[in-house]
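Trainee: Build the 3D model from these lines:
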Amino acid sequence: ERISDIYVMSEMSFNTTFLSYISQYGIPIHFFNYYNFYTGSFYPKESNLAGQLLVNQVQHYTEYDKRLLIAKKFIQAAADNGRDKNVSDYMKDIDSLRTGLVGVKSIQELMGIEGNIRKKYYAARSVIINQEIEFDKRVMHPPDNMINSLISFVNSLVYTRTLSEIYHTQLN
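Mentor: Predicted coordinates:
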């Protein structure tokens, strides 16, 4: 009754009795393949339906300015990531990039700034992780070293956690 999500990281069989049981409690199951890449989720039947909220969501997606504003908010939040480590030099550059978000007029421009922010974070990885691990660039399919594997794995966990949080709201 206190489980919010189930993460399946290996081969497993379920029956409909189990799925019906966890559905009663609104527990999503997230599946990962042999390499721990996210492959999909099982979500119980929607219980928090709100027609007007769905209409507003669609409106924010279809109206470019509203969509761009929401995207900017995501990047601003991601760029405001404090650490217990001394990454102040990197954060100065990131703060400079973040202030440039105000004047952005296109998704492509926004994605460029996001990419530059990520590069700065990746450059700070040796301070954050405090280990000398070779990391030249981000490689995803498949990850080619420990850092890329870690980034891919954590991104999968963040993605599924976000999906679960959205599921438990009236958002779609």
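
Trainee: And the worst-scoring helix or strand of the chain on mean pLDDT, how far out from the chain middle?
Mentor: Within the chain, no helix or strand scores below helix 125-129, which has a mean of 71 by mean pLDDT, DSSP states H and E. Centroid displacement of helix 125-129 relative to its chain, using CA atoms, centre = their mean, to the nearest Å, is 20 Å.

Trainee: Tell me which helix or strand comes right after it.
Mentor: Next along the chain after helix 125-129, taking DSSP states H and E as the criterion, comes helix 146-167.

Trainee: any idea how far that next one is from the chain center?
Mentor: 6 Å.

Trainee: and stretch 56-73, C-alpha only, in CSV?
Mentor: C-alpha atoms of stretch 56-73 as CSV (Å, rounded to 0.1, in the frame of the first residue of the first chain):
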residue,chain,number,x,y,z
ASN,A,56,-5.6,23.6,-21.7
GLN,A,57,-2.7,21.2,-22.1
VAL,A,58,-3.4,20.8,-25.8
GLN,A,59,-3.7,24.6,-26.2
HIS,A,60,-0.3,25.1,-24.6
TYR,A,61,1.1,22.6,-27.0
THR,A,62,-0.5,24.0,-30.1
GLU,A,63,0.2,27.6,-29.4
TYR,A,64,3.9,28.1,-30.2
ASP,A,65,4.6,30.9,-27.7
LYS,A,66,3.0,29.0,-24.8
ARG,A,67,4.9,25.9,-25.8
LEU,A,68,8.2,27.8,-26.0
LEU,A,69,7.5,29.4,-22.5
ILE,A,70,7.1,26.0,-20.9
ALA,A,71,10.2,24.6,-22.7
LYS,A,72,12.2,27.6,-21.3
LYS,A,73,11.0,26.9,-17.8
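
Trainee: May I see the buried residues of that stretch?
Mentor: Within stretch 56-73, the residues scored as buried using 16 or more other CB atoms under 10 Å are L68, A71, K72. Yep, even glycine has a C-beta here, placed from its N, CA and C like the rest.

Trainee: Averaged pLDDT, it. What do you get?
Mentor: Averaging pLDDT along stretch 56-73 gives 86.

Trainee: Which element, helix or strand, includes S41?
Mentor: Secondary-structure assignment from DSSP H and E places S41 in strand 38-42.

Trainee: Can you work out which other helices and strands pack against the helix or strand following that strand?
Mentor: Downstream of strand 38-42, the first helix or strand assigned by DSSP H and E is helix 51-62. Under the contact criterion of 3 or more CB pairs under 8 Å, 6 or more residues apart in numbering; DSSP states H and E, helix 51-62 touches helix 64-79.
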